[in-house]
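# Pasting the sequence and the predicted model now:
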Amino acid sequence: RRVREGSSKDVGGVSLKKLRNKKLTSTEFMQVWFHYDDDKNGYLEYVEFSQFMKDLFLKDRTDITPKEVERYTTEMINLMDTYDEDGDGKFEMNELAKVLKLEDNFLDNIISQKCITNKHVKSILSHYNSNVDDTIEGPELYAFVGDIGRHLASS
C-alpha cells in the first residue's frame with residue numbers, strides 16, 4: 001500500500017492551504033481525524049485538539065514567538081469550549097466537523113438516481129480512493145460508510 005508522505009505544508013495528509021481555505025471531502029476529513037486521534041479512542045482530547053490547531057495555524061509560520069504560542073493556546077481552550085457541545089473536554093467527530101468546512105455529501109446525488117450505473121460506481125471509487133491504490137480502506141472506508149450513514153439519516 002502506498003502511503004502519501006506528509007510535507008511541512010500538510011496536516012494529516014491534507015494540504016494546509018486546502019484545510020484553511022476550502023471545503024474538505026469526507027475522506028480528507030477522516031485522514032485529518034485519524035492523524036490527530038493518537039490513541040485511536042474516537043475522540044480528540046485537549047492535547048490532540050491543541051496539536052491539530054497548532055499545526056493548522058502555526059505549522060508553516062516562522063515568525064511566532066513563545067508568548068504568541070501561549071496566547072494562542074489560551075484562545076484554543078476557549079474555542080474548544082465553544083465547539084465541545086456536551087462539555088466533556090473531548091472533541092467527537094461531529095464537533096470537529098463543525099470547526100472545519102466540509103463538502104456536501106458526495107453520495108446524495110448518486111443515491112438519489114433511480115438506477116446506479118457502472119459509471120456511478122467508478123465515480124464513487126474514484127472519489128473515496130484518495131491515495132489511488134485501487135483499494136478503499138482506513139480513512140477512505142470510514143468516510144464512505146460515514147457518508148452512507150449521513151445520507152440515510154437525512155432521508
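Arrived safely.

# With adjacent residues omitted, what lies nearest to Met76?
Distances taken as CB to CB, 6 or more residues apart in numbering put Met53 closest to Met76, at 4.8 Å, once the chain neighbours are dropped. In this view, the C-beta of every residue, glycine as well, is placed from N, C-alpha and C.

# Which strand or helix spans that neighbour?
Element membership of Met53, judged by DSSP states H and E, is helix 46-58.

# just the strands in the chain please.
Counting by DSSP state E, the segments of the chain that form strands are 10-11, 14-15, 44-45, 90-91.

# okay, the angle between the lengthiest helix in the chain and helix 46-58?
The helix that spans the most residues within the chain, counting by DSSP state H, is helix 66-83. Between the axes of helix 66-83 and helix 46-58, defined by axes from the mean of the first three to the mean of the last three CA atoms, to 10 degrees, the angle is 120 degrees.

# average pLDDT for helix 66-83?
The average pLDDT for helix 66-83 rounds to 76.

# Outside of it itself, list whatever touches it.
With CB atoms under 8 Å, 6 or more residues apart in numbering as the test, helix 66-83 has contacts from 46, 49-50, 53-54, 57-58, 64, 87, 91, 95-96, 98-99.

# what's the most distant pair in those residues?
Ile64 and Gly87 (29.8 Å; CB to CB).

# Those two - which one has more neighbours?
Ile64 (12 against 7; other CB atoms under 10 Å).

# Tell me which residue lies nearest the centroid of this structure.
Phe29 (1.8 Å; CA atoms, centre = their mean).

# shouldn't that one be in contact with Lys101?
No. Here Phe29 lies out of contact with Lys101, judged by CB atoms under 8 Å, at a distance of 9.7 Å.

# Any figure for the gap between Asn41 and Phe29?
18 Å (CB to CB, to the nearest Å).
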